[in-house]
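Asker: Quick one, fold the following:
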Amino acid sequence: MSDSFLDRLGSPERQRIIKRLRSPEAYERLREKVKGPEDLEQALDRAEEMAELHFALESNEAAREKIKAAVERSFEEGGIDAVAERPNELSEEARAAIAEGKFTLAVSPDPATHEDILTLLPEGNVGEKVPVTMSLTESCVSQLSGHA
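Answerer: All right, here's what the predicted structure looks like:
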């Protein structure tokens with residue numbers, strides 16, 4: 001028997017749910033979740049680039065140092081705003097560690113967007129992951145592909 005839960009509800013309740021499910025807002029929410037072939041291809045390319053960056057950071061000392069130098073250079077040129085995605089949320093300890101160059105690099109999901117992004121992990125008692133700006137992440141990815 002393939003009775004849906006709607007069949008077991010009373011008529012007014014069923015009509016209200018069916019109307020809500022057919023609303024333009026519900027349709028738009030569903031359309032936002034569905035990706036086309038171009039979007040999927042872009043997402044796969046981005047995931048592949050981030051996986052290569054993650055692998056390089058874990059296994060290649062020269063690439064790790066080159067990317068860290070690029071982050072430090074960007075910090076010297078533009079300050080914390082040029083490096084951190086959300087600089088207002090940083091603690092003073094994290095700011096100080098980044099300014100001194102005491103951080104490691106990693107690829108991890110951004111808490112806000114859930115997309116993989118380059119993050120700074122300040123050394124010391126600081127338990128923060130500092131998401132790097134998207135432009136700096138893209139710059140590091142392009143440096144890595146130029147390096148390989």
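
Asker: buried residues in the helix or strand hosting S145?
Answerer: When secondary structure is defined by DSSP states H and E, S145 falls within helix 134-147. The neighbour-count check on helix 134-147 (16 or more other C-beta atoms under 10 Å) flags 136-137, 139-141, 143-144 as buried. Any C-beta I mention is one placed from the backbone N, CA and C, and that applies to glycine too.

Asker: what's the answer for stretch 102-120, then?
Answerer: For stretch 102-120, by 16+ other C-beta under 10 Å, it's 103, 105, 107, 110, 116-120.

Asker: So which of these are in strands?
Answerer: Secondary structure of those is defined by DSSP state E; positions in strands are 103, 105, 107, 116-120.

Asker: gap between F75 and E38?
Answerer: According to C-beta to C-beta, to the nearest Å, F75 and E38 sit 35 Å apart.

Asker: More neighbours: which of these two?
Answerer: For F75 versus E38, the count of surrounding residues by other C-beta atoms under 10 Å is larger for F75: 20 against 8.

Asker: if we can go back for a sec, quick check, nearest of the ones in strands among the buried residues of stretch 102-120 to Y27?
Answerer: For Y27, the closest of these turns out to be D116, at 30.0 Å, with distances computed as C-beta to C-beta.

Asker: Neighbours of V71, how many?
Answerer: Around V71 sit 22 other residues, with neighbours defined as other C-beta under 10 Å.

Asker: That's all I had, so thanks and see you.
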